[in-house]
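Student: With the sequence up front, the predicted model follows.
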Amino acid sequence: MLVHREHLLGLFGSLLTFYRKGALFFYVFYGYYWLINTPDIEDLKDFLRIPSVSGVSNHIGDVRNAAQFLASHLKKIGFPYTEIVQTSGNPIVFAEWIVSIEKPTVFIYGHYDVQPVGDLSLWVSPPFEPEIRNGNIYARGASDNKGQLWIHITLLDALVKAKGSLPFNVKIVIDGEEEIGSPNFLSFLKSYKERLDADFVLISDTAMLSEDQPSVCVGLRGLLGFDIIVDGPSKDLPSGLYGGAVQNPIHALIELLQSMKDKHGRITINDFYNEVVPITNQERKEMRSLHVDDEKIAEQLGVPALFGEFGFSTVERQWIRPTIEVNGISGGNNQTTLRMSHVGLCLIRDLSKYLN
C-alpha cells in the first residue's frame, strides 16, 4: 500500500471542494495536521488483520467480523446511525450523519472485502500481519480498499474533533462483495434508494498517476467477463498415444486467442470498433499534459516495455480505448492427457456513448 501523508490532501480535498464556505481550508488543514500528528495506525492495522476474503466459504465469519469492526468504529467516532445490512451474500455497512438538511451531502463508497492471498511464498510478510516498510504499510487489502477507506473515515473523525460535528452531511456505504462483482449491491441500491440521495459521490478505489501527484478519477471503462470452453475428445486421451493424431483443445484455444489481436495490439474481431467513441483532440491534449513517463511505469511494473494498440498513448489505452484481456487459462490435467481447455476473458469498453 502507498498511503503517503503528502497524498491525504489530494484524496480528501476533492471531497471538500463542493463546500464553499469560509471554513473550508480550516477543515482540510486541521484534518491533515491531526492525522499526520496522531496517526490512527493501530486501528488500521487491526482492520487489515481481518482476512475478509469474499467468495471463499471458509472466510464467511471473517467477512462478517470486518463489517462489525467498521460499524463499531463508525459509532465510536460519532456517527449517530450505523447499520449492517444483511444480503443473500456478504453484509453491507451503511452509516449516516445528517447535520442539517440545508447542508450539502456527500456519499462515500468503499469496500472491505479483499482478494485471496495467492501464493504465500511470494509474500515478504504474512498477508494479514500488517508491516510498515520504508513508510508504506503492506498487507492484503491495504491498497484495495481498506487503506483508502480508512483515510476517509479518519479524516471525518478529525473534522469532528475540530468542531464537534461535521460541516456537511455524510452517507457511507461499504460493500462486502466488490471483489466478486458486487452481486447483491444493485438490490441494496434499489431498497435504499430514498436514503442514498446525495450531492456528491466520492470513491477512492482507482489509481494515482504517481506517488507525488494526487489524482481525481472522473470515470472508468466498462467491463464484461465471459468464458470460452473448447471441448475435444469425449474422454481423456494419452498424448503419448494420440498426440499428433487429434486436435489438441489447448492448441485450438491458443490459436483462437491469438487471432483476436494483431501484432500491433489492435483487436481483429469483426465490427469490434464500430461503436467505439473516438478520442477528441481536446482529450488528447489534456492527457498529454500529464507527462506520463512510460519508462518509469515499465520499471515499476517489472516489464521490459509497455505494449498496446498502435497509435495511442499509454493513458489513452488505459482510460479510453477498448481491449480484450485473458484473465486465466487452463486445460488438461497436467498428466499428458488431452480433453478440454478453458479460458476466462475480460472485455473492456468505453461506455460514454451509452451514459450520454
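Tutor: In hand now; what should we look at?
Student: drop to CA atoms for contacts and neighbour counts, all remaining ones
Tutor: Noted.
Student: In PDB, list the C-alpha atoms belonging to stretch 145-152.
Tutor: Output of stretch 145-152 as PDB, limited to C-alpha atoms (Å, rounded to 0.1, in the frame of the first residue of the first chain):
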ATOM      1  CA  ASN A 145      -9.600  -0.800  -0.500                       C
ATOM      2  CA  LYS A 146      -9.100  -0.800   3.300                       C
ATOM      3  CA  GLY A 147      -6.300   1.900   3.300                       C
ATOM      4  CA  GLN A 148      -8.200   4.400   1.200                       C
ATOM      5  CA  LEU A 149     -11.400   3.800   3.100                       C
ATOM      6  CA  TRP A 150      -9.600   4.400   6.400                       C
ATOM      7  CA  ILE A 151      -8.200   7.700   5.200                       C
ATOM      8  CA  HIS A 152     -11.700   9.000   4.700                       C
END
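Student: List the buried residues for it?
Tutor: Neighbour-count burial for stretch 145-152 flags 145-152 (criterion: 16 or more other Cα atoms under 10 Å).
Student: likewise stretch 67-81?
Tutor: 67-71, 74, 78-79.
Student: show me where pLDDT drops low in the stretch 1-150 of the chain?
Tutor: The stretch 1-150 of the chain contains residues with pLDDT under 70 at 1-40.
Student: how about 50 then?
Tutor: 1-28, 31 (pLDDT under 50).
Student: which residues in it form strands?
Tutor: 81-85, 92-97, 105-111, 131-133, 136-138 (DSSP state E, counting those that start in this stretch).
Student: Find the residue at the geometric middle of the protein.
Tutor: Centroid-nearest residue in the chain: D205, 4.6 Å away (criterion: Cα atoms, centre = their mean).
Student: For that residue, which residues are in contact?
Tutor: 110, 144-145, 148 (Cα atoms under 8 Å, 6 or more residues apart in numbering).
Student: got CSV for these, with distance to Y138 too?
Tutor: Shown next, in CSV, are those (distance: Cα to Cα, whole Å):
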residue, distance to Y138
G110, 19
D144, 11
N145, 13
Q148, 13
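Student: can you tell me which two in these are farthest apart?
Tutor: G110 and D144 (9.2 Å; Cα to Cα).
Student: measure S234 to V246 for me?
Tutor: For S234, the distance to V246 (Cα to Cα, to the nearest Å) stands at 12 Å.
Student: Compare those two (neighbour count), which wins?
Tutor: V246 (12 against 9; other Cα atoms under 10 Å).
Student: Just list whatever residues bridge to the more buried one.
Tutor: Taking DSSP bridges as the rule, V246 bridges to G243.
Student: list the contacts for the spatially closest residue to V63 that is not a sequence neighbour?
Tutor: Closest residue in space to V63, ignoring its immediate chain neighbours: S52 at 4.3 Å, by Cα to Cα, 6 or more residues apart in numbering. Contacts for S52 (Cα under 8 Å, 6+ apart) come out as 59-60, 62-66, 112-114.
Student: Drop anything exposed from those residues.
Tutor: Of those, these count as buried by 16+ other Cα under 10 Å: 60, 62-66, 112-114.
Student: could I get these as CSV with distance to I84?
Tutor: Shown next, in CSV, are the buried ones among the contacts of S52 (distance: Cα to Cα, whole Å):
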residue, distance to I84
I60, 15
D62, 14
V63, 12
R64, 9
N65, 11
A66, 11
Y112, 13
D113, 14
V114, 18
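Student: Pick the one among those residues closest to Y192.
Tutor: Y112 (19.4 Å).
Student: Next, the contact list for that closest one, please.
Tutor: 52, 66-67, 141, 145-146, 174-176.
Student: Thanks a lot, catch you later.
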